[in-house]
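J.: Take a look and give me a structure for this.
(2 chains)
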Amino acid sequence: MLTLNLIREKRDFIIERLKIKNFNAAEILDKIISLDASRREIQTKTDLMQAEMNRISKEIGSLMKDGKKNEAEEAKEKTYKLKDKIKILSEKIVPIDTELKNEIVKLPNLPHESVAPGHGADDNVKVKEGGKIPVLPESALPHWDLIKKYDIIDFDLGIKLTGAGFPVYKGKGAKLERALINFFLDEGAKAGYLEIMPPIMVNEDSGFGTGQLPDKEGQMYHADIDNFYLIPTAEVPVTNIYRDVILNAEDLPVKNMAYTPCFRREAGSWGAHVRGLNRLHQFDKVEIVRIAHPDHSYESLEEMVSHVEGLISKLGLPYRILRLCGGDMSFTSALTYDFEVWSGAQKRWLEVSSTSNFESFQSNRLKCRFKEKGEKQTRLAHTLNGSALALPRIVAALLENNQSEAGIKIPAVLVPYTGFDMIN
RNA sequence: GGAGAAAUGGCAGAGCGGUCGAAUGCGGCGGUCUUGAAAACCGUUAUUCUGUAUCCACGGAAUCGGGGGUUCGAAUCCCUCUUUCUCCGCCA
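T.: Residues are numbered from 1 along each chain as shown, chains lettered A, B, ... in the order given. Sure, this is the predicted structure:
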């Protein structure tokens, strides 16, 4: 959520920046500005009346003390009219406030100045490429065949237990999953991230704090009776730890990480390219989250990017890093890097991480602020997060790229975690 | 799930419906003293919105778990929700 201050002071700048995201903001901005102006006008009036009201009330208090009952009664008379006026005026504010909130949440975050304009995936900017694309024989199998061949992940069983998109990991498949989680967490710990195990269901306030609510409730599973949402990513609970929190500047950056299962309804998005592990309703992910000082948040982002890159290259996967263009970026993000790994048998790139700086967009909703030592004023912190990493597509690429007649070779860094070096 | 009690500033803990943003203690910050430190003493110590000023500053409104109500006036009374504690029941 953009701050009202920015909207008041930089209307034209916002319009220009949001063009990069192909978003026409003028109409909404003008509506907000006029709503805000009338809200403040009314607020100022009611504040004045309320001040008068408070003054009279105090007067009544001291009159009563002095035993001047008649004068107190006279003063009371004066308040009735005033009270009515205040009531009428303050009731006017309620719908204005609601509308203001409705409008302001429609505005996406401003893209960072390095973000290129564009409409879709084709306009993303490749910033780096690494690893070697494997040359596989014609007979190479896609991962959905490999998992059947070695009986390590069972989709049909998942359908029986729950439904499509809820795979069952078995034997070495389950072990590989657990190995990857532990590997990612250990690497994260080495990089200074504090491990968190959060709840995987959150309340409405948390959903709003990170921007899933309103509007995107269709993407989350909802437990009706208790009004809880299954998290689509650990970003939601881990970032919401800092909802309504005022941090000290010297505690920044806060570096947290969490492994959680993630749940996505992905309503309407099933179709091409979603076979096997490519898109699931439940999957595992390790997420890194930072709360950073606004002056240093882009340094934080770069550190996160190189951390994620390190993970992928330690696993020996061919990868590329993309800086998303305005049209492909999320509503809440100011700058996003996507990481894709090459899937040898599908012969295509699979997104395995999205690492973003949200600047103060989330923290304004979260009311996540910090205070500089000795200063009175609070400022909004910057929030960042990134997948480090999402597992299913990593598994898909590992299986496909490392297959041979003898079986599937486990990357050396994982062997201490799996306890085996081949799936066969 | 049943019965009862409670929720106040960073923490602890007062608070009769009137001058209470809130005593007191601890902690934090600044200062005096000291060669330095401790102790002692003095001062200071929340957040949000807002008006003039737009660097410092001054004024107003709101906030004592959340929401609503009674009242000229609510931390204090009423309703409701949430959370915590104690006892009973159930339970990995």
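J.: looking at it, A:E400 is touching A:H143, isn't it?
T.: Yes - using C-beta atoms under 8 Å, A:E400 makes contact with A:H143 at a distance of 5.2 Å. No exception for glycine: its C-beta is placed from N, CA and C like everyone else's.
J.: which residues are common contacts for these two?
T.: Taking C-beta atoms under 8 Å, 6 or more residues apart in numbering as the criterion, A:E400 and A:H143 both touch A:343, A:345-346.
J.: and which of these is nearest to A:K128?
T.: The nearest member of these to A:K128, counting by C-beta to C-beta, is A:S343 at 18.5 Å.
J.: Spit out the contact partners of that closest one.
T.: Residues in contact with A:S343 (C-beta under 8 Å, 6+ apart) are A:143, A:349-350, A:393, A:396-397, A:400-401.
J.: A:T355 now?
T.: A:301, A:304-305, A:308, A:336-339, A:384-388.
J.: Kindly report the same for A:P237.
T.: Under the contact definition (C-beta under 8 Å, 6+ apart), the residues listed for A:P237 are A:196, A:198-200, A:202, A:206, A:231, A:258, A:260.
J.: Okay, and which of those residues map to helices?
T.: Using DSSP state H, A:S206 are the members of these that sit in helices.
J.: Narrow the contacts of A:P237 to those that are buried.
T.: Burial by neighbour count, judged by 16 or more other C-beta atoms under 10 Å, picks out A:196, A:198, A:200, A:202, A:206, A:231, A:258, A:260 from these.
J.: where does the closest residue in space to the fifth one that isn't next to it in sequence land on pLDDT?
T.: Put plainly, it is A:S206. Nearest in space to A:S206, with sequence neighbours left out and distances taken as C-beta to C-beta, 6 or more residues apart in numbering, is A:N240 at 4.1 Å. With respect to pLDDT, A:N240 scores 92.
J.: ok, A:N240 to RNA strand B distance?
T.: Distance of A:N240 to RNA strand B, given as C-beta to the nearest atom of the strand, to the nearest Å: 15 Å.
J.: ok, back up a step: closest to RNA strand B among the contacts of A:S343?
T.: Sorting these by distance to RNA strand B puts A:R393 at the head of the list, at 32.8 Å, by C-beta to the nearest atom of the strand.
J.: if I pick that closest one, what's in contact with it?
T.: By C-beta under 8 Å, 6+ apart, the contact set of A:R393 is A:277-278, A:341, A:343, A:350-352.
J.: nearest spatial neighbour of A:M220, skipping sequence neighbours?
T.: Excluding its sequence neighbours, the residue lying closest to A:M220 (C-beta to C-beta, 6+ apart) is A:Y229, at 4.5 Å.
J.: Hmm, A:V202 and that neighbour touching each other?
T.: Yes - taking contacts as C-beta under 8 Å, A:Y229 lies within contact range of A:V202: 5.5 Å.
J.: Nearest spatial neighbour of the residue of the stretch 101-250 of chain A found nearest RNA strand B, chain-adjacent residues omitted?
T.: Taking C-beta to the nearest atom of the strand as the measure, the stretch 101-250 of chain A has A:I246 as its residue closest to RNA strand B, at 6.0 Å. Computed as C-beta to C-beta, 6+ apart, the closest residue to A:I246 that is not its neighbour in sequence is A:R369, at 4.9 Å.
J.: And the residue of the stretch 251-400 of chain A that's closest to RNA strand B?
T.: Distances between the stretch 251-400 of chain A and RNA strand B by C-beta to the nearest atom of the strand are smallest at A:T378, namely 3.8 Å.
J.: you'd agree that residue is up against A:I246?
T.: Yes - checked against C-beta under 8 Å, the pair A:T378 and A:I246 is within contact range at 5.7 Å.
J.: burial count for the residue nearest to A:Q346 when sequence neighbours are not counted?
T.: With C-beta to C-beta, 6+ apart as the measure, A:P142 is the residue that lies nearest to A:Q346, at 5.5 Å, once sequence neighbours are left out. In terms of burial, A:P142 registers 19 neighbours under the definition other C-beta atoms under 10 Å.
J.: how much space between A:P142 and A:P318?
T.: 17 Å (C-beta to C-beta, to the nearest Å).
J.: before we move on, what about A:S90?
T.: Taken as C-beta to C-beta, the spacing of A:S90 relative to A:P318 amounts to 62 Å.
J.: out of these two, which sits in the busier spot?
T.: Here A:S90 and A:P318 are set side by side on neighbour count (other C-beta under 10 Å), and the busier one is A:P318, at 20 against 15.
J.: Which residues are in contact with the more buried one?
T.: Shown here is A:P318, whose contacts under the criterion C-beta under 8 Å, 6+ apart are A:130-134, A:341-342, A:401.
J.: Same list, the residues you listed, but as JSON lines with neighbour count please.
T.: Compiled in JSON lines, the contacts of A:P318 are given as follows (neighbours: other C-beta atoms under 10 Å):
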{"residue": "A:G130", "neighbour count": "12"}
{"residue": "A:G131", "neighbour count": "16"}
{"residue": "A:K132", "neighbour count": "10"}
{"residue": "A:I133", "neighbour count": "11"}
{"residue": "A:P134", "neighbour count": "17"}
{"residue": "A:V341", "neighbour count": "24"}
{"residue": "A:W342", "neighbour count": "21"}
{"residue": "A:N401", "neighbour count": "26"}
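J.: just checking, which of those belong to helices?
T.: A:N401.
J.: shouldn't A:F155 be in contact with A:G163?
T.: No - A:F155 sits out of contact with A:G163 when judged by C-beta under 8 Å, with a separation of 10.5 Å.
J.: Same drill for those two, tell me which one is more crowded.
T.: Per other C-beta under 10 Å, whichever of A:F155 and A:G163 has more neighbours is A:F155, with 19 against 10.
J.: how many neighbours does the closest residue to the more buried one other than its chain neighbours have?
T.: Nearest in space to A:F155, with sequence neighbours left out and distances taken as C-beta to C-beta, 6+ apart, is A:P167 at 5.4 Å. By the other C-beta under 10 Å criterion, the neighbourhood of A:P167 contains 25 residues.
J.: Then A:A406?
T.: Burial of A:A406, expressed as a neighbour count using other C-beta under 10 Å, amounts to 8.
J.: Tell me where the stretch 51-200 of chain A has strands.
T.: Ranges of strands within the stretch 51-200 of chain A are A:125-130, A:153-154, A:168-169, A:194-196, based on DSSP state E, counting those that start in this stretch.
J.: okay, the ones you listed, which one's buried deepest?
T.: Across the strands of the stretch 51-200 of chain A, the average number of neighbours (mean count of other C-beta atoms under 10 Å) peaks for strand A:153-154, which reaches a mean of 22.
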